[in-house]
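**Student:** Below are the sequence and a predicted model; questions follow.
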Amino acid sequence: MQLPSDHPLRVELNDEAHARPPEALAAPLRLTFLALYSDPTQREQEWEHVCALARRYGHTPPVRASHYSADLGPFRVKWERHTEFTRYKFIVAGDGDPFDPPALRAVPADWLAALPGRIMVGTHAALLPAAAGAPDHEALSARYFGGDALVGARIASGAGIAFTDFHIRDGFNRLLVFDRGMTSRQAGRSMQRLLEIDTYRLMALLALPVAHSLTPWLNGAERELAQITGSLVESNEASEPGLLDRLTRLEAEIESRESAHHYRFTAAAAYYELVQRRIEDLREERIQGLQTFREFTERRLAPAMNTCRAVSARLESLSQRVARATQLLSTRVDLTRERQNQQVLESMNRRAEAQLRLQQTVEGLSAAAITYYVVGLVGYAAKGLASAGVPLQVELVMALSIPVVALVTILGVRHVRKVVTRAVR
């Protein structure tokens, strides 16, 4: 059957739905999760590092990928690359103490020490079969979480129970999940969602220090804008250029900060939405006396995200207000310049009129002088002819020639002026 060729991106877009699938997990097991914040320039180094681990245990990784998983023997590894961070999962089977030793102990120490990036999230997790009856969360807290208040809920519509305290001890959080009848795929999805909640929560909070650092500057910038707009009411032609300079400098500073931090604020909003979706996917049910994951996250994360949104909105609003003030002041400066240009044009018109009158005066004097000299020449000619015997009255000839010579001279001067004017134009 002959069909049209595939779109160049068909396979890539279709495979995106299957990218980074969750691991199938079966209790009992221990798991260590690492999320490392990495620079884009380290992406090639990250992949080569994973390939080196696979080759160390006799495995051949694919040529290029954004995720990789394999059973290396002593442990299973899953590696995933994301936009701003890279995730590693190390899984070992077995019961006993869920956190001692952690799964990370099975991974070569020299390979771990050379991991590129900086740790954003580190979690020791365990998936255990649930005993009969409800777990004693007070006893679990005392035994595994240092007596701290736990956050927990029944997940997957009651097929599992999860506990954590969101505290970092010895560099890692702890997560304890009890299996009450989950399938291996369901257990893998539930574990991944729990780990992603903490990852995306911290990634979203990266915007909070930015918001705190911008707040004092925003306060100062808003005061500066208020002073400028107050001065604008009583400004004059002399002070307007200085106010415009202050406004343009302020606008440049705002644009610089907005460009520098826009991505961080938009990324925080996206991460926060992912946190909310992962919590919804848990399908959690309350355990009496414990905060659910939604309650804990919303009580602490929502105010932080509100702060970030408020700072981002203030920055955008300040940018718009400065732009409006700049436009207003620029309009006033343009009007001032137009008035000045009008005054210059009027002055030029007055000078042109004066030059015209002067030119007309000069033309009149020139015509009189030329007439005087030409009539004198006519007189000399008449005297010569009279001496030669021609009956002429010299004075009468000179008198009669004056209007003729004057008219011809005036017409000639005007013609010369018109010719010169056309040549100049």
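**Tutor:** Right, received. Where do you want to start?

**Student:** Correct me if wrong: residue 378 contacts residue 396.
**Tutor:** No - the criterion here is C-beta atoms under 8 Å, and residue 378 misses it with residue 396 at 11.2 Å. No exception for glycine: its C-beta is placed from N, CA and C like everyone else's.

**Student:** Centre of the chain to stretch 159-176, how far?
**Tutor:** 36 Å (C-alpha atoms, centre = their mean, to the nearest Å).

**Student:** same thing with stretch 109-125?
**Tutor:** 30 Å.

**Student:** Using PDB, write out the CA atom coordinates for that stretch.
**Tutor:** The C-alpha coordinates for stretch 109-125 follow below in PDB (Å, rounded to 0.1, in the frame of the first residue of the first chain):
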ATOM      1  CA  ALA A 109      31.700   5.900  45.600                       C
ATOM      2  CA  ASP A 110      34.200   7.300  43.000                       C
ATOM      3  CA  TRP A 111      31.500   7.400  40.400                       C
ATOM      4  CA  LEU A 112      29.100   9.300  42.800                       C
ATOM      5  CA  ALA A 113      31.900  11.800  43.700                       C
ATOM      6  CA  ALA A 114      32.300  12.700  40.000                       C
ATOM      7  CA  LEU A 115      28.600  13.400  39.300                       C
ATOM      8  CA  PRO A 116      28.200  16.700  37.400                       C
ATOM      9  CA  GLY A 117      25.800  19.200  38.900                       C
ATOM     10  CA  ARG A 118      24.700  20.300  42.400                       C
ATOM     11  CA  ILE A 119      22.300  18.300  44.500                       C
ATOM     12  CA  MET A 120      18.800  19.800  44.600                       C
ATOM     13  CA  VAL A 121      17.000  16.800  46.100                       C
ATOM     14  CA  GLY A 122      18.300  13.700  47.800                       C
ATOM     15  CA  THR A 123      15.900  11.200  49.200                       C
ATOM     16  CA  HIS A 124      16.300   7.700  50.700                       C
ATOM     17  CA  ALA A 125      13.000   5.800  50.100                       C
END
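
**Student:** I'd like the distance between residue 165 and residue 146.
**Tutor:** 8 Å (C-beta to C-beta, to the nearest Å).

**Student:** higher neighbour count, those two?
**Tutor:** residue 165 (21 against 11; other C-beta atoms under 10 Å).

**Student:** okay, residue 378 and residue 396: which has more neighbours?
**Tutor:** Applying other C-beta under 10 Å to residue 378 and residue 396 shows that residue 378 carries more neighbours, namely 18 against 10.

**Student:** Tell me if I am right that residue 35 is in a helix.
**Tutor:** No - judged by DSSP: H, G, I helix; E, B strand; the rest coil, residue 35 forms no part of a helix; its state is strand.

**Student:** what's the closest non-adjacent residue to it?
**Tutor:** Once flanking residues are discounted, residue 35 sits nearest to residue 121: 3.9 Å by C-beta to C-beta, 6 or more residues apart in numbering.

**Student:** a strand runs through the one you found, doesn't it?
**Tutor:** Yes - under three-state DSSP, residue 121 falls within a strand.

**Student:** Tell me, how many residues neighbour it?
**Tutor:** 22.

**Student:** Tell me the pLDDT of it.
**Tutor:** Note on residue 121: pLDDT of 96.

**Student:** list the contacts for it?
**Tutor:** 33-35, 173, 195, 198-199, 202 (C-beta atoms under 8 Å, 6 or more residues apart in numbering).

**Student:** quick one: contacts of stretch 124-144?
**Tutor:** So stretch 124-144 is in contact with 25-33, 95, 98-99, 102-104, 147-150, 152, 160-161, 163, 165, 172-180, 187, 191, 194-195, 287, 289-290, going by C-beta under 8 Å, 6+ apart.

**Student:** quick one: which of the residues you listed sit in strands?
**Tutor:** Among those, the members found in strands (DSSP state E) are 29-33, 152, 160-161, 163, 173-179.

**Student:** Could you check stretch 275-295 and say which residues are buried?
**Tutor:** Neighbour-count burial for stretch 275-295, counted by 16 or more other C-beta atoms under 10 Å, picks out 275-276, 278-279, 281-284, 287, 290-294.

**Student:** Walk me through the domains of the protein.
**Tutor:** For the chain, automatic domain parsing gives the domain ranges 15-183, 207-342, 355-424.

**Student:** Adding distance to residue 8, write those out as JSON lines.
**Tutor:** Output for the domains of the chain, formatted as JSON lines (distance: least, C-beta to C-beta, whole Å):
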{"stretch": "domain 15-183", "distance to residue 8": "13"}
{"stretch": "domain 207-342", "distance to residue 8": "27"}
{"stretch": "domain 355-424", "distance to residue 8": "66"}
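
**Student:** between those domains, which one is nearest to residue 4?
**Tutor:** With C-beta to C-beta as the criterion, residue 4 lies closest to domain 15-183 of the domains of the chain, at 20.4 Å.

**Student:** Return the distance of the closest one from the chain's centre.
**Tutor:** With C-alpha atoms, centre = their mean, you get 34 Å for domain 15-183.

**Student:** Also stretch 213-224?
**Tutor:** 19 Å.

**Student:** May I have it as PDB, with CA atoms only?
**Tutor:** What follows is stretch 213-224, C-alpha atoms only, in PDB (Å, rounded to 0.1, in the frame of the first residue of the first chain):
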ATOM      1  CA  SER A 213      16.100  40.200  46.400                       C
ATOM      2  CA  LEU A 214      13.900  42.200  44.000                       C
ATOM      3  CA  THR A 215      11.600  43.600  46.700                       C
ATOM      4  CA  PRO A 216      13.900  46.300  48.100                       C
ATOM      5  CA  TRP A 217      14.900  47.400  44.600                       C
ATOM      6  CA  LEU A 218      11.200  47.600  43.600                       C
ATOM      7  CA  ASN A 219      10.500  49.800  46.600                       C
ATOM      8  CA  GLY A 220      13.200  52.200  45.600                       C
ATOM      9  CA  ALA A 221      12.300  52.200  41.900                       C
ATOM     10  CA  GLU A 222       8.600  52.900  42.800                       C
ATOM     11  CA  ARG A 223       9.700  55.800  45.000                       C
ATOM     12  CA  GLU A 224      11.900  57.100  42.200                       C
END
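
**Student:** Now do the buried residues in that stretch.
**Tutor:** 214, 218, 221, 224.
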